[in-house]
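**Student:** curious how this folds, go ahead:
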Amino acid sequence: MTSDLIQTLALARKAAQITQAELAERAGLSRMAVQRTETGDVDPRFSTLQEMARVLDMDLIAVPSALRAQLQAFIQSGGKFLAQPQGADAPPSIVDRL
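**Tutor:** Here you go, the predicted structure:
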């Protein structure tokens, strides 16, 4: 799970065209901390990942394991209500506005 998160953060950093050094400076971390986190050389603290995410305009949220599949289905449905009767329209989703 953590490796997926770290890969997502690294891809977001690259997409934003931010260097590891720039990310580190904005997050209040050392460049080495960012580098070692992205390469998997360390098991980062949650606070480190949270600061990296903040700089990349992302939020980290904790989801109970029992709800993970339902949350993934909700996201994949475009934010529509789950288990809604066929033919019923869901109210506009925040996903529709993005």
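**Student:** now the helices for the chain?
**Tutor:** Here the chain has its helices, by DSSP state H, at 2-15, 20-27, 31-39, 46-55, 68-76, 94-97.
**Student:** save those as a markdown table, and put in mean pLDDT and mean neighbour count too.
**Tutor:** All C-beta atoms are positioned from the backbone trio N, CA, C, and that covers glycine. As requested, the helices of the chain are exported to a markdown table (pLDDT from 0 to 100; neighbours: other C-beta atoms under 10 Å):
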| stretch | mean pLDDT | mean neighbour count |
| --- | --- | --- |
| helix 2-15 | 93 | 14 |
| helix 20-27 | 97 | 18 |
| helix 31-39 | 96 | 18 |
| helix 46-55 | 95 | 17 |
| helix 68-76 | 83 | 12 |
| helix 94-97 | 54 | 9 |
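**Student:** go through the ones you listed and name the closest to residue 62.
**Tutor:** Closest to residue 62 of the helices of the chain is helix 46-55 (C-beta to C-beta; 8.9 Å).
**Student:** C-alpha coordinates for that closest one, CSV please?
**Tutor:** C-alpha atoms of helix 46-55 as CSV (Å, rounded to 0.1, in the frame of the first residue of the first chain):
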residue,chain,number,x,y,z
PHE,A,46,3.0,9.5,7.8
SER,A,47,3.9,13.1,8.4
THR,A,48,6.6,13.0,5.7
LEU,A,49,4.1,11.7,3.2
GLN,A,50,1.5,14.2,4.3
GLU,A,51,3.8,17.1,3.8
MET,A,52,4.9,15.8,0.3
ALA,A,53,1.2,15.4,-0.6
ARG,A,54,0.3,18.9,0.7
VAL,A,55,3.0,20.5,-1.5
